[in-house]
Structures are given as structure tokens and as C-alpha cells.
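> build the 3D model from these lines:
(6 chains)
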There are 6 protein chains.
Amino acid sequence: MNEKIMAADNKVLKRLFNLDTNTYAEGAVDVKTKEMIGLACSMVLRCDDCVKYHLGKCQEVGLSNEEVYEVFAIANIIGGTIVIPHLRRAVEYWEELQNV
Amino acid sequence: MNEKIMAADNKVLKRLFNLDTNTYAEGAVDVKTKEMIGLACSMVLRCDDCVKYHLGKCQEVGLSNEEVYEVFAIANIIGGTIVIPHLRRAVEYWEELQNV
Amino acid sequence: MNEKIMAADNKVLKRLFNLDTNTYAEGAVDVKTKEMIGLACSMVLRCDDCVKYHLGKCQEVGLSNEEVYEVFAIANIIGGTIVIPHLRRAVEYWEELQNV
Amino acid sequence: MNEKIMAADNKVLKRLFNLDTNTYAEGAVDVKTKEMIGLACSMVLRCDDCVKYHLGKCQEVGLSNEEVYEVFAIANIIGGTIVIPHLRRAVEYWEELQNV
Amino acid sequence: MNEKIMAADNKVLKRLFNLDTNTYAEGAVDVKTKEMIGLACSMVLRCDDCVKYHLGKCQEVGLSNEEVYEVFAIANIIGGTIVIPHLRRAVEYWEELQNV
Amino acid sequence: MNEKIMAADNKVLKRLFNLDTNTYAEGAVDVKTKEMIGLACSMVLRCDDCVKYHLGKCQEVGLSNEEVYEVFAIANIIGGTIVIPHLRRAVEYWEELQNV
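A predicted model of the protein is given here:
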């Protein structure tokens, strides 16, 4: 689907996509921390697809189960019980990733 | 104001306040990272008071200017330009903290 | 300010304002319960002006301090700690109302 | 899924889940009213799973059709037409519950 | 589902549904512009069903591909990368509409 | 404040600010329509500073009072009564702009 969006050749969207990639690159803050931040923000904003994307990245950068759950905890305390259904789906997806 | 809320003796609110404190304690994820996560989540959820609170904590734990700005960048890319007015107030407050 | 909005004579806005009044009228659900619902929704949506409006109504219909705090608790558990700054302002306003 | 979350043994999440249960217990505000508040908040925050959960509870505590629709009405007036797709799913689920 | 909601005969909901229709009628602002506004608002509020509804209307009123993508771009810049999963689904649906 | 943010030399933020400017430039959709879209999105997302910014632009591009109120109406129907306090502040600011 990203290819189709790129093919539409809308400059603003193209640049936003590029910018998105740059945002999570190693910098003063390391990639692992940035992915934890991305995961927590996705969770408080209740975007399941975004949570899944960052969980995939969190596994790639080697986050432990305890670390992921502490990020989940921060997001659920900040965002409240309205976040719980997203937590359930996140836990389910995280388990899938561990079993691959 | 917290004292008045505590004095009202509502158990759910009291426990939520305690839980809030526990959430940011050192664990599998260190305090510095947790504060960056708290800052980013506060920013995407556009809560100026929460942003200020976490900026204060970020200074206490010794975050550099570059680190804080990278957290700001993540929050603004995730949350979009609607976050910019909150970024402005955050920058203003962060400068105040540096000059104390 | 409402008068100016009414004077602009936009039919959609006028009808929405009328509808808003009708929504909280006595019905299958009583006014007191409706005001508690309005208060909680205003709080989870983090609208200080709306919270103040419904707190005023809650006092008019005779809600006790314990009842108001239980509504606050539900809203803060559902909405999370991001709601706490709004809770503080709500508590402050509720105290003002009690002392009039 | 809750069992898996509990098994992960994250204290903050465990306590939040306990707190969630306590929040809706009988108190100064009765259970029926608390469930109406939970339903309305879930709807304005547009969480379908949360709406379903509270609709189940609303049926258990004996809410009438008229009462449920008045709660729906408050949530849709406060939250606007963006809530309508969630209203449709809520009505569908409420009908399922009535036919069991 | 709308018929069932209408059958429940809740006046507030009925009037809100009527008002919703009136809002997008030709006025000082033309229908085409109103539909672009409806589309953008649905996207920043991240309501897939609302986005689909307005995309259908946008096709009816003859919006070009370039116009639709510029509305997508505004919504994604304002709302941030959290909107991207909704953009993907919108692009997919827009393509379906073009191929009918 | 923007100067200070620029001075901090965070590339992601700088590019986002540039992108923001490009988004509202004349294209397949004209500037006037884009500003109406920006205004409506700012209102449903309940950002007073963003609403003010776009109201200023709306005046510059010559929007009539009737047009502005129809945009307000769309935003309030989509976003619900939670938007009303922001409508009040928008009307107040719009009047100030007219009297300059």
C-alpha cells in the first residue's frame, strides 16, 4: 500500500514518510529508547497498527519481555483503562513475535 | 491541590496516585528512559501540565538539550502539527529550567 | 458569547445548542444521573470548561461530595493520569462552588 | 488474554486491573449509574471493546432500552457524529444481548 | 442499522442524524468543499468508517485524485504519523471506488 | 519561539515546519479551501492556538462571515458539544480580527 501512496506522487506525504524514518534513526537518543517511545505513544494514542509496527522494531533491537511490559505499564497508567483492549492485542502480537 | 484530593479520601484516586509514582521507578527500564517516554506521551496527548512535570524530571535525571529535542521531534512527528503549540510552550519551559 | 453565536444565525449551530439542552432533560434517565455522565465524559475528554459547566449543574441537583469524587475516580481510571491536571482544576472549582 | 497479562507479573498493570474492578463497585454512586457512566465514557472515547463490556454490565444490572438509548444520546451529542459508527456497533451488540 | 436506531425513537439521536445531513448541504460553502472538510476531519479523528463515507461523497461530487491526495496530505501533517494506517485504508478504499 | 526551536537545529523538527508551510500552498486544492480544512481540523482536535492561526489565514484569503460559520458548524457537528468552548473562543477571536 505504501508503494501506491508513493506512486501518487504527493510531495507532502512523501516527505512525511521520509521524515518518519529519520525520526527513529540513532542520534542523541539511541534506537532502542526511540522504539520504546514510539511504542508507548502508539499505545496511548490507541493505534493498533502503530503498536504492532513498533513491537516488531522492539524485538529487532532486542527488548526483553520485562522492558516491553514496563513500557505497556507506563502507557496504560498515562492513558487509562481505555487502553486495555489495545494492551490485550499488543500482548497477543508480542507473543506471536516471540514464537516465530 | 494534591493534598485536598488526598484528604477527600477516595480510595481509587489515592491508589491511582500511588501507582503513578511506582510506574516511573527504576526497573527493567531505567528512570531516564521512563521520563523520556512520559514526556513524549504527554506531548502527543497534548497535556501542557504533564509535559512540564516530565520536563522537570528530565532535567533532574540529567537529560541533555539534544536528547530532549529528539523526544520533542518524535512526539511532533507522531502527533503532527497539532502538537506544535505544545512544543512551543515546552521549549519555553525547558529554557526556564535551564536558566534556574 | 452564546448570544453572538446565536446572532450569527447559523441554523446547524442553533439546533445543536437546542439539542444540547434537550439531551440533559429528565427522561428515562434522571437529571442527576445525566449530569454525572456529562461530568465524567467532559473529564475523560479533558475539557475544563465543560467540567466546570457540569460541576455547576451537579451542585444545583444536589450531588454530595462523595458522589462527585466517585465520578472523578471513574473518569481518572478510564482516562488515566493524563486526566489528573483536569482533576486538580475540577477539585479547585468544586471547592469554590461549595464555599459560595 | 488477561491471564497472560497477569502471568507477566507486572505490578503496575496488576494493580491497575484491580483498581478498575474497584472503581465500579457499589459506593456513594450505585452500580447502575456507574455502568451508565462507564458506557458513556467508552463511547465518547470511541472504544468499541469498552462499549461492549459496559453494555454487558448494563444488561446485568437491568438497564431498560430507553435508558441505554438516553446514554447513547448523551455520548453522541457530547462526542459528535464521529461517534455514530460506534453507536451503530453498540446498537447491534445491544440487540444481540437482548436476544440471548 | 440506521433504521433500527431511528425505530428506537430517541429524539436527540433522530435530530442529530437530521442535523448531520443538513450540515453538508449547499450553502455559503459549496458541497464539494464541505466534503473535503468532512474527509479531513474524519481522518485527523481517525475514524475509518467516517473516512469511507466521505470518500464516497467525494467521488460523487467529482473530486480528482490530486485533490483527494492533497486533503490526505493536510490531514496527515496536522494529525501526524498516527494517521498513516488510516491513510493506507483510505487509499485502498479510494482505489476500490475508482475501479467500480 | 519558532526562532528558538529553529536554533536548536533539530532536523526532524525543521523539516516538519517546512512541510507544514508547503501543505497549505496553492495546488490542486486552492489556498482558501485548504485554510477552511485547516480551521475545521484544528477545531475538531480542539487546539485553540491552531484555530486562531487558521482564522487569521481565513481572513487574509477573504473568507466571509457565513463561510467561517459554516466551517464552525461542520466542526461542531463532527466533534460534538465538547467543541463548543473552542467555538466560543474562535468566535471571539474572529470578531477581533473583523474589528482591526
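> which residues of chain A lie near chain F?
Proximity of chain A to chain F, by C-beta under 8 Å from any C-beta of the partner chain, involves residues A:11-12, A:15-16, A:19, A:22-23. For every residue, glycine as well, the C-beta is placed using N, CA and C.
> near chain B, list only the ones from those residues.
Applying C-beta under 8 Å from any C-beta to the residues of chain A next to chain F, one finds that A:19, A:23 fall near chain B.
> element containing the residue positioned nearest the centre of chain A?
Nearest to the geometric centre of chain A sits A:H54, at 2.5 Å (C-alpha atoms, centre = their mean). Using DSSP states H and E, A:H54 falls within helix A:48-60.
> with A:V71 instead?
Using DSSP H and E, the element containing A:V71 is helix A:65-79.
> tally of neighbours for the nearest residue to A:D48 once chain neighbours are set aside?
Excluding its sequence neighbours, the residue lying closest to A:D48 (C-beta to C-beta, 6 or more residues apart in numbering or on different chains) is A:R89, at 5.5 Å. Using other C-beta atoms under 10 Å in any protein chain shown, A:R89 has 15 neighbouring residues.
> again with A:V100
For A:V100, the neighbour count with other C-beta under 10 Å is 5.
> now, among the residues of chain A next to chain F, which is nearest to B:L63?
Proximity of the residues of chain A next to chain F to B:L63 (C-beta to C-beta) peaks at A:T23, which lies at 17.6 Å.
> what's the closest non-adjacent residue to that closest one?
B:I77 (4.6 Å).
> how close does that neighbour get to D:V68?
Distance of B:I77 to D:V68, given as C-beta to C-beta, to the nearest Å: 41 Å.
> swap in A:M36?
Here A:M36 is placed at a distance of 40 Å from D:V68 (C-beta to C-beta).
> who has more neighbours out of the two?
Comparing A:M36 with D:V68 by neighbour count (other C-beta under 10 Å), the higher total belongs to A:M36, at 28 against 24.
> can you tell me how far that one sits from B:A28?
Counting by C-beta to C-beta, the gap between A:M36 and B:A28 amounts to 11 Å.
> overlap in contacts of these two?
Both A:M36 and B:A28 are contacted by A:E67, under the criterion C-beta atoms under 8 Å, 6 or more residues apart in numbering or on different chains.
> got the buried residues for the helix holding A:V71?
Neighbour counts over helix A:65-79 (16 or more other C-beta atoms under 10 Å in any protein chain shown) mark A:67-79 as buried.
> quick one, it and helix B:48-60 angle?
140 degrees (axes from the mean of the first three to the mean of the last three C-alpha atoms, to 10 degrees).
> please work out the average pLDDT along helix A:65-79.
The average pLDDT for helix A:65-79 rounds to 98.
> A:K32 is in contact with A:L63, isn't it?
Yes: between A:K32 and A:L63 there is a contact at 6.8 Å, judged by C-beta atoms under 8 Å.
> quick one, which of those two is more surrounded?
More neighbours surround A:L63 than the other of A:K32 and A:L63, with 22 against 17 (other C-beta under 10 Å).
> for the more buried one, which residues are in contact?
Residues near A:L63 by C-beta under 8 Å, 6+ apart: A:32, A:35-36.
> narrow those to those in strands?
Within the contacts of A:L63, no residue falls in strands by DSSP state E.
> could you check how far the residue nearest to A:D48 is from chain C?
Noted for A:R89: a distance of 18 Å to chain C, by C-beta to the nearest C-beta, to the nearest Å.
> next one: A:V68
19 Å.
> my read: that residue touches A:K57, true?
No: counting by C-beta under 8 Å, A:V68 stays clear of A:K57, with 11.4 Å between them.
> who are the neighbours in contact with A:K52?
Counting by C-beta under 8 Å, 6+ apart, A:K52 makes contact with A:90, A:93.
> chain D contacts on chain A?
Counting by C-beta under 8 Å from any C-beta, chain A comes close to chain D at A:46, A:65, A:69-70, A:72-74, A:76-77, A:81-82, A:84-85, A:87-88, A:91-92, A:95.
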